[in-house]
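1. need a structure here:
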Amino acid sequence: MPENVLFVQVGLQALTSLAIAGGLLYAAIQFRHTRKAQLVANFSKLVELQYHLRHLRVEHPELASVHARDVENLHSEREVQEYFLNLMQLSLFEIAWYAHQQGQLSDDYFDSWVNRMRQLAREESFSRMIHNPSVKIMHDDFESYVRLLADSAQVETNRER
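-> The predicted structure follows:
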């Protein structure tokens, strides 16, 4: 067999092998992105369900006392509503935070959430909510992040006064 034909044959086999390897690599990357998107969707659904429970307590504050630890240090229906309304806001931010952690939300969009949360953290009702020792179900890393964010917002507020 002529040497040129052998060279072309080996070259085509190598090209085919590289194409297959590239296709497998592409499929693996797509699978990884799909997996991350599914994680964000599952997390979002759990937080959404929690959001609905919080919404129920805003609409019907008398139901909040079903779990006594949930209303610890809350003395009126208005305080219960403010507390759970702030937790609802936090639920939405938690979804954005998690999506950002998973690379599913751009930095600029997440930064707009952070700026809004800094504004909310300056509110008296938000400060009372975040510092209330009652039960709050959040991702541990998110809770640490929010506490730091709230504390820095309070420092900024105190500096402005």
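2. quick one: the lengthiest helix in the chain to chain centroid distance?
-> Longest helix in the chain by number of residues (criterion: DSSP state H): helix 3-59. How far helix 3-59 lies from its chain's middle: 20 Å, per CA atoms, centre = their mean, to the nearest Å.
3. what's the answer for stretch 51-60, then?
-> Centroid separation for stretch 51-60 versus its chain: 20 Å, with CA atoms, centre = their mean.
4. mind listing what's buried in the helix or strand of the chain with the lowest mean pLDDT?
-> Here the helix or strand of the chain ranked lowest by mean pLDDT, DSSP states H and E is helix 140-160, holding a mean of 86. By neighbour count with 16 or more other CB atoms under 10 Å, helix 140-160 contains the buried residues 142, 145, 146, 149, 150, 153, 154. Bear in mind the C-beta positions are built from the backbone N, C-alpha and C, glycine included.
5. picking that back up, just give me how far the helix or strand following the longest helix of the chain sits from the chain centre.
-> In the C-terminal direction, the helix or strand that comes right after helix 3-59 (DSSP states H and E) is helix 77-101. Averaging C-alpha positions (CA atoms, centre = their mean) puts helix 77-101 11 Å from its chain's average.
6. Can you tell me which helices and strands helix 77-101 packs against?
-> Packing partners of helix 77-101 (3 or more CB pairs under 8 Å, 6 or more residues apart in numbering; DSSP states H and E): helix 3-59, helix 107-121, helix 124-131, helix 140-160.
7. Any idea which of the ones you listed gets closest to residue 90?
-> Of all these, helix 140-160 sits nearest to residue 90, with 6.6 Å by CB to CB.
8. which residues sit in contact with the residue most central in space within the chain?
-> By CA atoms, centre = their mean, the chain has its centre lying nearest to residue 98, at 2.5 Å. Residue 98 makes contact with 40, 43, 44, 47, 139, 142, according to CB atoms under 8 Å, 6 or more residues apart in numbering.
9. Ramachandran coordinates for residue 132?
-> Phi and psi for residue 132, reported as degrees, to the nearest 10, are phi -70, psi 130.
10. can I assume residue 99 is in contact with residue 107?
-> No: the pair residue 99 / residue 107 is not scored as a contact, 11.8 Å apart, by CB atoms under 8 Å.
11. who has more neighbours, those two?
-> Counting neighbours by other CB atoms under 10 Å for residue 99 and for residue 107 shows that residue 99 has the greater number, 22 against 9.
12. ok, so what distance separates the more buried one from residue 61?
-> Going from residue 99 to residue 61 by CB to CB, to the nearest Å gives 30 Å.
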